[in-house]
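Student: pasted the sequence and its predicted model underneath.
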Amino acid sequence: MGLGEANIFRGDYGEAWLRAVAAGSGLLHGRPTSLDLEKADVELVRRGFCNGVWNPTVKVQVKTTVDLREEDGHFAYDLDVATYDVLRRDNETVRRILAVFRLPKTGDKIRLLKKGTLLAGNGAWASLEGQPPTANKTSQIVRLPVANTIDRAGLEHMLETYGGRASTPACEIDAWGTP
């Protein structure tokens, strides 16, 4: 398998991992659109009423790498600028999340154990909403808190925090027509 082909399968593995965790946590999950034109790989939905919102929903951009660095309670990831610019928007109808999975550089990525199947690696998520523009041309370092785990508790926290609408600025309207 060539490097390009390995990257394609690595990305697919991360998306499947997120969907498996979501399914095991009782969350709806799937492709947000038929074509990947939004920089969103998986849509997550928590059915029901939570924090004043019915069916909290987020769109998640998934990245999978063997080169995720850990620094001071965060993972550091070099995100391409085009994706960074999309994920930092603060006016999306459905809010956006970045999830990054770190796979082992060598060895099996899936291990069969007596108690079940193990997906080797780990990951974290973060919202980049409202981050400043970058002057970089190719990539921007983003930090994902290690505490933002990709498990039931982590996905619930993600949806409780970002699954509802964010307030957006309203246009100023002079209903009385005063100058």
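Tutor: Nice, I can see it. Numbering: from 1, shown residues only.

Student: CA only for contacts and neighbour counts going forward, please
Tutor: Fine.

Student: which strands or helices does the lengthiest helix in the chain pack on?
Tutor: In the chain, assigned by DSSP state H, the helix with the most residues is helix 3-24. If you count contacts as 3 or more C-alpha pairs under 8 Å, 6 or more residues apart in numbering; DSSP states H and E, helix 3-24 packs onto strand 28-30, strand 42-45, strand 57-65, helix 152-162.

Student: so can I have JSON lines of the ones you listed showing distance to residue 104, mean pLDDT and mean neighbour count?
Tutor: JSON lines is the format used below for the helices and strands packed on helix 3-24 (distance: least, C-alpha to C-alpha, whole Å; pLDDT from 0 to 100; neighbours: other C-alpha atoms under 10 Å):
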{"stretch": "strand 28-30", "distance to residue 104": "26", "mean pLDDT": "91", "mean neighbour count": "17"}
{"stretch": "strand 42-45", "distance to residue 104": "23", "mean pLDDT": "94", "mean neighbour count": "23"}
{"stretch": "strand 57-65", "distance to residue 104": "9", "mean pLDDT": "95", "mean neighbour count": "23"}
{"stretch": "helix 152-162", "distance to residue 104": "21", "mean pLDDT": "95", "mean neighbour count": "18"}
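
Student: distance to residue 137 added to those, as TSV?
Tutor: Formatted as TSV, the helices and strands packed on helix 3-24 follow (distance: least, C-alpha to C-alpha, whole Å):
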stretch	distance to residue 137
strand 28-30	32
strand 42-45	27
strand 57-65	19
helix 152-162	28
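
Student: contacting residues for residue 129?
Tutor: Contact partners of residue 129, counting by C-alpha atoms under 8 Å, 6 or more residues apart in numbering, are 87-90, 96.
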